[in-house]
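K.L.:
here's a sequence, model it:
(2 chains)
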Amino acid sequence: MAEFKLKLRRYNPETGEAPYWQEHTVELEPHRSVLEAILQAKNNEDGSIGVRCSCKAAICGSCGVRVNGKPGLACHTHLDAALASAKDGETIVVEPMGNMPVIKDLIVDMDAVHWKKIQRVTPWLVNREPVPEREYIVPRESMVDVTQSMACIQCGACVSDCLSMEVDPLFIGPAALAKSYRFVGDPRDDMQQVRLKDLSEDPHGIYDCTHCFKCIEACPKGVAPMSQIMRLRRIAGNDHHIVDRNNGDRHERAFVSLIRDHGLLWEAELLPRSYGGDSWFGKFHPHAGKELLSSLPAITKALLRGKVTPMGALKPHDIPAKDLEQVQRIYKTVEEREERVEFNLYISGKDEDLLPSSTATEEASA
Amino acid sequence: MKVAYWPGCVSRGFTPELHGSMEKVAPLLDIELVPLDRACCTGAGVIAEHSQELADSLNARTFALAQQVAGADLMMNICSTCQGAQGECQERLDASAEYRAHINENLAPEGLEYQAGIANKNFLWVLVEEIGLDNLKSMVKRPLTDLRVGPFYGCYIVRPTDRLGINAENPRDTYLEQVIETLGGTTVEYAGSQKCCGFPVITMNKQASLKQAGTHLADAQDADADCLVTPCPLCHLNLDLQQPLAGPVVGRSLQMPVLHLPQLVGLALGLSPKELGLNKHVVKPTAVVDWSTSVVGAVGAGAGGW
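P.N.:
Residues are numbered from 1 along each chain as shown, chains lettered A, B, ... in the order given. The predicted structure is shown next:
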């Protein structure tokens, strides 16, 4: 047994009083969970502590909280690990999740945010017609592909810390978009094109993700929602040729072509093409002109300060011709494939997992 | 030490002062830079979004070129986004011999091959893990006394922690603070240090992007920071170049200089602000440098110094 200092954020919006911190000392084995510590404080010291939990086994997804500022399941966080990440080295700080309103103490309103967003993406299978008399027969690989997004337990940890949602509350968000991939990736679903068009055109859809990895870090189940969002983008652009009004597809295409043509990024060309379309003429498109105009304060300052010179901006930065040829040959090889080659660690695992640890170490050092 | 040096694209494009300051600082730290000028862009996550195999092949080519640099101790980059994008590809390439062989086939016509296990480190990691903070401290000629610096990491270099090798032994998500203190400065705590600068969505949702940059800058300003420091040129674009646009979005008057990591190190090692390209920033680093005397420090730096 060991003593642990717990600091809980208490708040009951119905009282009209401000939130406050409350400290408790609990006695538990270090391998027990933060949830058990909270429950001990609730049972022994203050029965009014609000916390939601059920299975205590990282299955039900009820006890999402922030421990020392990081989101996760209280039942899936060991006390010794929590202590190790304590900012002051001794106090385990537990707060409610972010991006959702607090109902009471550690309980947030999942209905108001998380579930609304899940409903937004039509979270069920729409049968591909004709519906077979018996079961659908699908290739095994295609179902393996969606298992990662199916592992979601709806705990809301990724929603809690989504940095896009922090500045744009309308962003559909990591959990719902991962759920959406679960159906876009399912060959039995009949609405892939409709789903992707919808999520691409929505200003708060797949192209509103800022690629911050917060959801990947937060997820206790390895769902990697951001990776699923990138899959949605890949399929929307490459397979369904959806050119969205948010510049998402144009930006991706412009970026990929500029590296193919020059080897290095040419920023002054990327920006207008993202708005006006992926060609040298993109910058003359009215959308590119409008954007240029709105960015004038920044551009003028950059020019005045000598940060960017007109010549430097107008000239591409090419790698040597021979190397550019190599890059272009790689592009050709990959783009000519009939099927995309993807390697997902979640599904394949690492080689060393299959080997005895000594062999793996030897291999790594060799 | 000798490193295969990957400067990235933006450090030679819209933030030339980053590559420039790295070249000035390297000899003082006894780092020999062997530029990988045959290598192409890492894809910054965007090529991977388009095609994972393409991104993995292009980066495997860069790794293979780095492995050909004779006598290099490791590969070094000066961009959080490069670190993250390359790290993601490396994780896949190192995980499976079969997948690696497949990608290496794409490099074979030119006789290139990536051997698993390259050490690729951002300049920040090199400072702490290779050069060492005690060593760095002994090289400081002009301590950043009284300079209040807010760290700004960039997402790609702090998440996901397991891929980036962030753990109790290598707390890489605290290195900026450690370097600031080693150089004699004071670390400023504020909410945004490990959040997103907003750059990746600047063309897709400009309002949200600028709101992110503006919020972090305002938070740092409220915490009395004199400047921010970042190891990522893309963050620098949104925090410095876009600062005139970010202020109005969050309804604040912003005046927060943003330094590249090699610039901050260079100032402490005695280089002049101009040598480090500090005059190229959109937001004048008035609070950081007294231009008339080249003395570093927040105190006594007159507003009309520049």
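
K.L.:
OK, contacts around B:Val249?
P.N.:
B:207, B:210-211, B:214 (CB atoms under 8 Å, 6 or more residues apart in numbering or on different chains). All C-beta atoms are positioned from the backbone trio N, CA, C, and that covers glycine.

K.L.:
can you narrow those residues to ones near chain A?
P.N.:
Contacts with chain A within the contacts of B:Val249, counted by CB under 8 Å from any CB of the partner chain: B:207, B:211.

K.L.:
out of the contacts of B:Val249, which sit inside helices?
P.N.:
B:207, B:210-211, B:214 (DSSP state H).

K.L.:
re the thing from before, list just the nearest of the contacts of B:Val249 to chain A.
P.N.:
The shortest gap between chain A and any of the contacts of B:Val249 belongs to B:Lys211, at 4.3 Å (CB to the nearest CB).

K.L.:
for the residue lying closest to the closest one once chain neighbours are set aside, give its distance to A:Val108.
P.N.:
Counting by CB to CB, 6 or more residues apart in numbering or on different chains, A:Val167 is the residue found nearest to B:Lys211 once chain neighbours are left out, at 4.3 Å. Look at A:Val167 and A:Val108: by CB to CB, to the nearest Å, they are 19 Å apart.

K.L.:
and the residue located most distally from the centre of chain B, what does it touch?
P.N.:
Here the centre of chain B is the reference, and by CA atoms, centre = their mean the most remote residue is B:Pro109, at 33.5 Å. For B:Pro109, the contact set (CB under 8 Å, 6+ apart) comprises A:Arg329.

K.L.:
pLDDT wise, what is it at?
P.N.:
For B:Pro109, the model assigns a pLDDT of 96.

K.L.:
swap in A:Thr361?
P.N.:
45.

K.L.:
residue in the stretch 101-250 of chain B nearest to chain A?
P.N.:
For the stretch 101-250 of chain B, CB to the nearest CB, closest residue to chain A: B:Arg159, 3.5 Å.

K.L.:
for that residue, give me its contacts.
P.N.:
With CB under 8 Å, 6+ apart, B:Arg159 has these contacts: A:212-214, A:216-217.

K.L.:
could you dump the ones in helices among the contacts of B:Val249 to JSON lines with pLDDT?
P.N.:
Shown next, in JSON lines, are these (pLDDT from 0 to 100):
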{"residue": "B:Gln207", "pLDDT": "96"}
{"residue": "B:Leu210", "pLDDT": "97"}
{"residue": "B:Lys211", "pLDDT": "98"}
{"residue": "B:Gly214", "pLDDT": "98"}
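
K.L.:
and stretch B:30-49 with chain A, contact?
P.N.:
Yes. Looking at stretch B:30-49 against chain A by CB under 8 Å from any CB, the contacts come from B:37-41, B:43-49.

K.L.:
buried subset of the residues you listed as a PyMOL selection?
P.N.:
Restricted to buried positions by 16 or more other CB atoms under 10 Å in any protein chain shown, the PyMOL selection for the residues of stretch B:30-49 next to chain A reads:
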select buried, chain B and resi 38+39+40+41+43+44+45+46+47+48+49
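
K.L.:
for the residue of the stretch 1-150 of chain A found nearest chain B, what are phi and psi?
P.N.:
Closest to chain B within the stretch 1-150 of chain A is A:Ala84: 6.9 Å, counting by CB to the nearest CB. Backbone torsions of A:Ala84, given as degrees, to the nearest 10, read phi -60, psi -30.

K.L.:
tell me how many other residues surround it.
P.N.:
12 (other CB atoms under 10 Å in any protein chain shown).

K.L.:
how about the secondary structure of the residue nearest to it when sequence neighbours are not counted?
P.N.:
Counting by CB to CB, 6+ apart, B:Ala168 is the residue found nearest to A:Ala84 once chain neighbours are left out, at 6.9 Å. Here B:Ala168 is coil, with the state taken from DSSP: H, G, I helix; E, B strand; the rest coil.

K.L.:
one step back: of the residues of stretch B:30-49 next to chain A, closest to A:Leu314?
P.N.:
B:Cys41 (19.0 Å; CB to CB).

K.L.:
my read: that closest one touches A:Asp261, true?
P.N.:
No. With contact defined as CB atoms under 8 Å, B:Cys41 and A:Asp261 do not form a contacting pair (11.4 Å).

K.L.:
rewinding a little: surely the residue nearest to A:Ala84 meets A:Asp80?
P.N.:
No. In terms of CB under 8 Å, B:Ala168 does not count as a neighbour of A:Asp80; the distance is 11.9 Å.

K.L.:
residue 184: how many residues sit nearby?
P.N.:
In the absence of a named chain, this looks at chain A. Counted with other CB under 10 Å, A:Val184 comes out at 25.

K.L.:
sorry, should have said chain B
P.N.:
Residues near B:Gly184, counting by other CB under 10 Å: 17.

K.L.:
okay, it: pLDDT?
P.N.:
94.

K.L.:
dihedrals phi and psi, it?
P.N.:
phi 100, psi 0.

K.L.:
B:Met75 too?
P.N.:
According to degrees, to the nearest 10, B:Met75 has phi -100, psi 140.

K.L.:
the residue nearest to B:Lys211 touches B:Ala208, doesn't it?
P.N.:
Yes. In this structure, A:Val167 is within contact of B:Ala208 by CB under 8 Å, at 4.7 Å.

K.L.:
intersection of neighbour lists for the two?
P.N.:
B:Gly198.

K.L.:
for B:Pro160, see how far away A:Ala86 is.
P.N.:
For A:Ala86, the distance to B:Pro160 - CB to CB - is 21 Å.

K.L.:
who has more neighbours, the two?
P.N.:
B:Pro160 (22 against 16).

K.L.:
center of chain A, which residue is that?
P.N.:
A:Met226 (2.9 Å).

K.L.:
what mean pLDDT does the host helix or strand of that residue have?
P.N.:
In this structure, A:Met226 sits in helix A:225-234 according to DSSP states H and E. For helix A:225-234, mean pLDDT rounds to 98.

K.L.:
for that helix, what is the distance to the chain centroid?
P.N.:
Centroid separation for helix A:225-234 versus its chain: 8 Å, with CA atoms, centre = their mean, to the nearest Å.
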